[in-house]
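K.L.:
Pasting a predicted model and its sequence here:
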Number of protein chains: 4
Amino acid sequence: MSFIYNRTVRFADTDAAGVVYFANVLSICHEAYEASLDAAGINIKAFFTKPAVAFPIVHANVDFLRPMYCGDKLNVSLIPQKLSADKFEIAYEISITEVLVAKAITRHVCIDVNSRNKQELSEEIIQWLETNRRDAEGAERRKSREVM
Amino acid sequence: MSFIYNRTVRFADTDAAGVVYFANVLSICHEAYEASLDAAGINIKAFFTKPAVAFPIVHANVDFLRPMYCGDKLNVSLIPQKLSADKFEIAYEISITEVLVAKAITRHVCIDVNSRNKQELSEEIIQWLETNRRDAEGAERRKSREVM
Amino acid sequence: MSFIYNRTVRFADTDAAGVVYFANVLSICHEAYEASLDAAGINIKAFFTKPAVAFPIVHANVDFLRPMYCGDKLNVSLIPQKLSADKFEIAYEISITEVLVAKAITRHVCIDVNSRNKQELSEEIIQWLETNRRDAEGAERRKSREVM
Amino acid sequence: MSFIYNRTVRFADTDAAGVVYFANVLSICHEAYEASLDAAGINIKAFFTKPAVAFPIVHANVDFLRPMYCGDKLNVSLIPQKLSADKFEIAYEISITEVLVAKAITRHVCIDVNSRNKQELSEEIIQWLETNRRDAEGAERRKSREVM
């Protein structure tokens, strides 16, 4: 099964239109990524605070299908995929009670933090990519069996 | 027992100093307030989205005792107190593994949203104040018995 | 000439990696949109606070070419384009001393706020689209003349 | 004259109540601090990005007198004061067209970033404190002369 992050919409996420401010939807996706790394046993503090190797985002996109309000209970699913030796991307789907409200992608490149040069994905992240990819494929297979 | 909100520090909470950006600590406190209202059965969406009655913050203060890093597991405790017919305040304590890292207060006034005039606290919030106050006092009594 | 918004990177924009948090780049683009509306004489308060007609974002994407640091002086240029009777998009380019550091797009749909149904773009926004489009085309033409 | 930072309220600053989210008022004050350092010729990037010496906030408080709406033009004045060998505070006043809408204080301590031990204020910040204090006192004197 693909990783699911549960997140209640907070007042700070909203704007004067009464709904989640558009850019905050990407922050919520990033939280799901962090929660998934955490669930895989990766030390989040070491990963994000002055690491030797980092995975900055080089591209992000997001589609907004329905508004999200303060108090809404979001389910964020996350499917990562390796793109090349030094790059991966993550596809996110945000739902409220089974209804899809947003979809997003973040694309990450692996760099040496000091030089900011690209480098091959670390073992830790390859492990995480494989686990979550396999999990997600399992979910897909189960879903297509159910459809049949 | 006083209400406890569990919250992992997220990458978006941090700044270039590598720790939680100071103003975000108040946002985390506000999340605890929202979670406490939610736990009391109050409809968060109705409470914060275009309500007839609102509780804007007229004062806030916060003391930072130790830095908080991405991935840190925060425990936010919350003790509200009625101050007058139209005003209440909330005291927050944020701890990491039993060590206090920050303390804060938010003071709220009850207003009619259309006129922005002060009005008496609503039944809903008085109920919440009483429940959480009693709970907190119970915790205090237990704590002082333990000290004795 | 296309509209230019000048913006210094603030500490609050950054994260523990020492650079602007990815989602905040989209917020900076949205600020440029607001500044452009303001420059066109549109009342920003009325436009964004409880309006009858709104322009929520249905899609956004962003490419990050170089990191942005606290104190960096950003130039955000903005070129809007009408897509259909009820939709427009804005292309943004962020530069630091003439070097492109990020590119983004936001796509907006016009809705009636009460029903949340789509409706035709308002006169005000059509006017803004035309002015900024013409300005941007002027800049393009001048640029291509210079190249020749 | 005390340092003045001009800042338009942005959509991202607001929440579902239609006004600036309370904690963001402190962020706006911090922006004024950054702008003041910048105006004094201090290199903001070096100051806030991986410095040897930093000035974390140990206390903040804020009073909200009137709501601030998207598009509002804020004037943020700032008066810093040395408190001890290793500590200073900054008093902020935010006004809209001469009407005070919020007041805040941030208290900062000087630390060695690696050890996180307190240390004496750096020359750079003492210089900044003196300049801005003198300027602010000048403004006060002029103001009291006008009153007489």
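P.N.:
Ah, there it is.

K.L.:
only C-alpha atoms for contact and neighbour calcs from this point on.
P.N.:
Noted.

K.L.:
What is the least confident helix or strand in chain A?
P.N.:
Within chain A, confidence by mean pLDDT, DSSP states H and E is lowest for helix A:123-147 among all helices and strands, at a mean of 76.

K.L.:
quick one, phi/psi of the residue most central in space within chain A?
P.N.:
Residue closest to the average C-alpha location in chain A (CA atoms, centre = their mean): residue A:33, at 3.8 Å. According to degrees, to the nearest 10, the main-chain angles of residue A:33 amount to phi -60, psi -50.

K.L.:
Need the nearest residue in space to it, chain neighbours excluded.
P.N.:
Leaving aside its chain neighbours, residue A:33 sits nearest to residue A:78 (7.3 Å; criterion: CA to CA, 6 or more residues apart in numbering or on different chains).

K.L.:
My guess is the one you found contacts residue A:31. True?
P.N.:
No. Under the criterion of CA atoms under 8 Å, residue A:78 makes no contact with residue A:31, lying 10.7 Å away.

K.L.:
Enumerate every residue touching the closest residue to residue A:112 other than its chain neighbours.
P.N.:
Using CA to CA, 6+ apart and skipping the chain neighbours, the partner closest in space to residue A:112 is residue A:53 (4.8 Å). When contacts are counted by CA atoms under 8 Å, 6 or more residues apart in numbering or on different chains, residue A:53 touches A:110, A:111, A:112, A:113, A:122.

K.L.:
In contact with the fourth one, which residues are there?
P.N.:
Right, residue A:113. Here residue A:113 is in contact with A:51, A:52, A:53, A:54 (CA under 8 Å, 6+ apart).

K.L.:
neighbours around the last one, how many?
P.N.:
Close neighbours of residue A:54, defined as other CA atoms under 10 Å in any protein chain shown, add up to 23.

K.L.:
distance of it from chain B?
P.N.:
13 Å (CA to the nearest CA, to the nearest Å).

K.L.:
Next: the second one.
P.N.:
When CA to the nearest CA is the yardstick, residue A:52 and chain B sit 14 Å from each other.

K.L.:
do the same with residue A:32
P.N.:
Residue A:32 sits 10 Å away from chain B, going by CA to the nearest CA.

K.L.:
Mark which of the contacts of residue A:53 are buried, thanks.
P.N.:
Applying a neighbour-count criterion of 16 or more other CA atoms under 10 Å in any protein chain shown, the buried members of these are A:110, A:111, A:113.

K.L.:
where's the first one relative to residue A:52, distance?
P.N.:
Taken as CA to CA, to the nearest Å, the spacing of residue A:110 relative to residue A:52 amounts to 11 Å.

K.L.:
show me the contacts for residue A:63.
P.N.:
Residue A:63 is in contact with A:102, A:103, A:104, C:58, C:59, C:60, counting by CA under 8 Å, 6+ apart.

K.L.:
hey, what's it bridged with?
P.N.:
Under DSSP bridges, the beta-bridge partners of residue A:63 are residue A:103, residue C:59.

K.L.:
Next: residue A:99.
P.N.:
When bridges are called by DSSP bridges, residue A:99 pairs up with residue A:96.

K.L.:
And for it, the neighbour number?
P.N.:
A count of nearby residues for residue A:99, using other CA under 10 Å, gives 12.

K.L.:
What of residue A:91?
P.N.:
Neighbour tally, residue A:91, other CA under 10 Å: 18.

K.L.:
Pretty sure it sits in a helix.
P.N.:
No. Residue state for residue A:91 (DSSP: H, G, I helix; E, B strand; the rest coil) corresponds to strand; a helix is not indicated.

K.L.:
Tell me which residues touch it, please.
P.N.:
Applying CA under 8 Å, 6+ apart, we find residue A:91 in contact with A:78, A:79, A:80, A:103, A:104, A:105, A:106.

K.L.:
could you check the distance from the closest residue to it other than its chain neighbours over to residue C:58?
P.N.:
Counting by CA to CA, 6+ apart, the nearest residue to residue A:91 once its immediate chain neighbours are dropped is residue A:105, at 4.6 Å. Summarising the geometry, the distance separating residue A:105 from residue C:58, computed by CA to CA, is 15 Å.

K.L.:
hang on, the earlier thing: pick the one among the buried ones among the contacts of residue A:53 closest to chain D.
P.N.:
Nearest to chain D among the buried ones among the contacts of residue A:53: residue A:113, at 13.0 Å, using CA to the nearest CA.
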